[in-house]
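K.L.:
got a predicted structure plus its sequence, pasted below:
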Amino acid sequence: MALPTHILMMYGYLLLFAWVLLEQLGIPLPATPVLLAAGALSAEGQISFALALLAGVVASLAADSAWFLVGRRYGHHVLRILCKLSLEPTTCVRRTQDSFGRRRGALLVFAKFVPGLGILAPPVAGENGMSFGPFVFYDTIGGVLWAGALLVGGRFFGDLLKRDPSVLSWVGRFSGALLVLGILGFFLARIYRRRTVLKRLAAARLEPEELKRQLDAGEPVYIVDLRHPLELLPDPFTLPGALHLSPDDLTARHQEIPRDRDVVLYCTCPSEATAAKTAMTLHKLGIDRVRPLRGGFDEWKRLGFPLDPVAPALTTIQPAQ
């Protein structure tokens, strides 16, 4: 905390305002240590707690208001970009929109305490037509709670340090270990979530026989052929009604994928690796009914099920019927 404390003592509230503003605008410049340092300095009377809180809240509100207006103007386009830049990819556009639809004000109040959600909530509020007045009201409450919690934490540490200076040496000995444990816990959580999604996809994997029954019964199924164009040269056939798309094209145009039916993905790679990876990406984009086809194209062909010849028209996504 030495660097933020030294800088804060020199430049005071202006630096605190600018630092929080830049972080809330999306620049990877964490404001947490600065707010903690300001809280610690307030315990010694070198910074006013009330003015530090005001600077943090105003900066946060200014950045969030900018994102609110950008979201109202550009809507889903800016949300897709923010989702890709988010530190927590699973907290993405559709999930944020669903949460906003259910809770609205509560989401804005607590968004800054959830990794990746703080920067998404204001543009989602703007995109969904929330009035600016209620937005400012709830966002201000959220800013006060967020900045206040960090300042109070720093103030508590400053008071503790005044009573017992040996606390600083204790923190120095254990802060490195805590940092390593925090980083390790972050990556373990990411691995756990990835394994959970993979298990769910494995359970949702569609058997070729089941897909054949669905097609024979005339059920609406959205089938996507993910094979590389070179794989079609020796075997220019695809499953009945399938669309031939690359994974990048499919995810880029995910809004055109119907949500009211199974989305079946297939390829020719071992263990349906491409289909599984693409399915995970679609899950993050809010498409839940994604089912990789077990065995892919090779298994379908081995079973002698019907195939359609590849035609140029298959390279374009067609709207759901």
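P.N.:
Okay, I see it.
K.L.:
so Gly45: helix, strand or coil?
P.N.:
In three-state terms, and counting by DSSP: H, G, I helix; E, B strand; the rest coil, Gly45 is coil.
K.L.:
can you tell me how far it is from Gly218?
P.N.:
77 Å (Cβ to Cβ, to the nearest Å). Where C-beta positions appear, they are placed from N, C-alpha and C, glycine not excepted.
K.L.:
for the residue lying closest to Phe132 once chain neighbours are set aside, which residues are in contact?
P.N.:
Nearest-residue entry for Phe132: Phe68, 7.1 Å, with adjacent residues in sequence omitted and distances by Cβ to Cβ, 6 or more residues apart in numbering. Contact partners of Phe68, counting by Cβ atoms under 8 Å, 6 or more residues apart in numbering, are 122-123, 125-126, 130, 132, 135, 139.
K.L.:
isn't there a helix covering Phe68?
P.N.:
Yes: using three-state DSSP, the assignment for Phe68 is a helix.
K.L.:
what does the pLDDT read for it?
P.N.:
Phe68 is assigned a predicted lDDT (pLDDT) of 91.
K.L.:
tell me, how many residues neighbour Asp249?
P.N.:
Neighbours of Asp249 under the rule other Cβ atoms under 10 Å: 15.
K.L.:
that one sits in which helix or strand?
P.N.:
Element membership for Asp249, per DSSP states H and E: helix 247-252.
K.L.:
Arg195 too?
P.N.:
Judged by DSSP H and E, Arg195 forms part of helix 166-204.
K.L.:
which stretches of the stretch 51-200 of the chain have low pLDDT?
P.N.:
75-103, 115-116, 158-183, 186, 189-190, 193-194, 197-200 (pLDDT under 70).
K.L.:
again, only this time at 90
P.N.:
Across the stretch 51-200 of the chain, the ranges flagged by pLDDT under 90 are 70-131, 153-200.
K.L.:
Gly218: helix or strand, and which one exactly?
P.N.:
Short version, using DSSP H and E: Gly218 is in no helix or strand.
K.L.:
quick one: pLDDT of it?
P.N.:
What the model reports for Gly218 is a pLDDT of 91.
K.L.:
can you map out the helices along the protein?
P.N.:
All helices of the chain, identified by DSSP state H, fall at 2-24, 32-43, 49-74, 76-85, 93-103, 105-110, 121-127, 132-163, 166-204, 208-216, 229-232, 247-252, 273-284, 296-302.
K.L.:
what about Gln255, how many residues nearby?
P.N.:
With other Cβ under 10 Å as criterion, Gln255 counts 11.
K.L.:
got the confidence number for the closest residue to Leu245 other than its chain neighbours?
P.N.:
Nearest in space to Leu245, with sequence neighbours left out and distances taken as Cβ to Cβ, 6+ apart, is Val224 at 5.7 Å. Looking at Val224, its pLDDT stands at 93.
K.L.:
mind listing what Val224 touches?
P.N.:
By Cβ under 8 Å, 6+ apart, the neighbours of Val224 are 242-245, 250, 263-266.
K.L.:
please repeat the previous calculation with a cut-off of 10 Å.
P.N.:
Going by Cβ atoms under 10 Å, 6 or more residues apart in numbering, Val224 touches 238-239, 242-247, 249-250, 257, 263-267, 275, 278, 282, 290, 293, 317.
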